[in-house]
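1. coords below, sequence missing:
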């Protein structure tokens, strides 16, 4: 991919190495170095991309200077080959570095595609347009495929297999005292009659039932029954009172079981939530579109001037969706802007004027504050949202510097739906690469 881009720049006459393959290789090494820089500092992708796609970028732009410094490390005498600063070579280096970086860093690819799409909408056709347009299309397919997978709505959701351990329960141990056999004998003897033969073979008085069954059967039965019932009942009560049950503490097995069940339920819920994330996002966006209400400004978009409303919509959508979003999300934003009653779908506005509205309208106070957290103050090449978020910086209001700072022609015009999509793409690109503002 990298060599092909260099060769296409070469064949298009955009760079001329006098037929020297070694020089072409040195350009490739410079691109490889910048790709390494990008992997370590993805935030540089914004400036790299904005410079790479601008055929009219100044030779003294910091990013161009950085690319040429990388070239000088491998080709010290490159200045003798070109009549002036080889801006086209620097842009080719940047484009290759971005392509290499996007191959293994999704954030770089996301930022590059978003910013390049913006640039395409206002750039005039140039000799190298076909080269970097093809690069954009290739990377965009990968970025969009990844985003579509994250936003997909499955036709079914499989619950995880219950794989928690059932705790082993130790059977309880039942301990009961032994009955006092000798005492029972004494009591049974007493219930049976007046005398019995003891262990020595002698007759002994029982001091119990005074009747024998053959002499007075009725009284004997009564006495026998009463004494036997009392004796047996006392023996049973004594035995039951003495029963003990051991190993009956079930707190740990129950705790283990409930922990396993809770873990399974949590995993199942997480699986369900992950599977339906795309659906939840779509439902939330439809609600937002139909309500036409700004969650950040707590105001209806209908009550705002159209340009301010379109800009605020871009900020609000940015808050609601992840960085990895399919191209259809941008189309959704465009349709939402067009649903505003005061928006003229085909009417164009000067980008300079749109930036000024975004810098001054009070409804965008929160948006500007949030933008300042993900964009650096304008110095070299950067996004339009840097001018909006850092409106108090002198460079942000300097119209003569507008082209140098943004790469956007001063006379460029956009419809409001296009403008909202532009701002949204810049916000996504800045968030993807983790722009860290410089301290004041």
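-> Noted; the coordinates are in hand. Note that the structure is predicted; figures quoted are calculated from it, not measured.

2. For residue 212, identify the helix or strand it belongs to.
-> Using DSSP states H and E, residue 212 is not contained in any helix or strand.

3. Could you measure from it over to residue 30?
-> 127 Å (CB to CB, to the nearest Å). Every C-beta, even on glycine, is put in place using the N, C-alpha and C of the backbone.

4. same question, residue 348
-> 40 Å.

5. of these two, who's got more company?
-> Ranked by neighbour count (other CB atoms under 10 Å), residue 348 and residue 30 place residue 30 first, with 27 against 13.

6. what sits against that one?
-> 67, 70, 71, 73, 74, 75, 93 (CB atoms under 8 Å, 6 or more residues apart in numbering).

7. among those residues, who's most crowded?
-> residue 93 (32 neighbours).

8. Kindly state the pLDDT recorded for that residue?
-> The score at residue 93 is 91. That number is its pLDDT.

9. likewise the one 10 residues further on?
-> According to the per-residue confidence, residue 103 scores 86 in pLDDT.

10. On the three-state scheme, it is what?
-> helix (DSSP: H, G, I helix; E, B strand; the rest coil).

11. How many residues are close by it?
-> 15.

12. Name the residues that touch the strand or helix carrying residue 371?
-> Residue 371 belongs to helix 365-374 when elements are defined using DSSP H and E. Applying CB under 8 Å, 6+ apart, the external contacts of helix 365-374 come out as 296-297, 311-312, 315, 319, 358-359, 385-386, 388-391, 427, 430-431, 434-435, 437.

13. I figured residue 198 was touching residue 204, is that so?
-> Yes - in terms of CB atoms under 8 Å, residue 198 counts as a neighbour of residue 204; the distance is 4.5 Å.

14. which regions of the stretch 301-440 of the chain lie under the pLDDT threshold?
-> Scanning the stretch 301-440 of the chain for pLDDT under 70 picks out the ranges 435-440.

15. repeat that with 50
-> 436-440 (pLDDT under 50).

16. mind listing what the nearest residue to residue 292 once chain neighbours are set aside touches?
-> Nearest residue to residue 292, sequence neighbours excluded (CB to CB, 6 or more residues apart in numbering): residue 301, at 4.7 Å. Counting by CB under 8 Å, 6+ apart, residue 301 makes contact with 292, 293, 294, 309, 312, 313, 340.

17. most surrounded residue in these?
-> Going by other CB under 10 Å, residue 313 tops the contacts of residue 301 with 28 neighbours.

18. just to revisit the earlier point, can you redo the contacts of residue 301 as CSV with secondary structure and distance to residue 104?
-> Formatted as CSV, the contacts of residue 301 follow (DSSP: H, G, I helix; E, B strand; the rest coil; distance: CB to CB, whole Å):
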residue, secondary structure, distance to residue 104
292, coil, 41
293, strand, 40
294, strand, 38
309, helix, 39
312, helix, 36
313, helix, 34
340, coil, 41
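
19. Including distance to residue 133, could these go into a markdown table?
-> A markdown table is the format used below for the contacts of residue 301 (distance: CB to CB, whole Å):
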| residue | distance to residue 133 |
| --- | --- |
| 292 | 35 |
| 293 | 38 |
| 294 | 35 |
| 309 | 32 |
| 312 | 31 |
| 313 | 28 |
| 340 | 31 |
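
20. what secondary structure does residue 408 sit in?
-> coil.

21. How about the residue nearest the centre of the chain: what's its closest non-neighbour residue?
-> Centroid check for the chain by CA atoms, centre = their mean gives residue 322 as the closest residue, at 7.4 Å. Nearest non-adjacent residue to residue 322, counting by CB to CB, 6+ apart: residue 150, 7.2 Å away.
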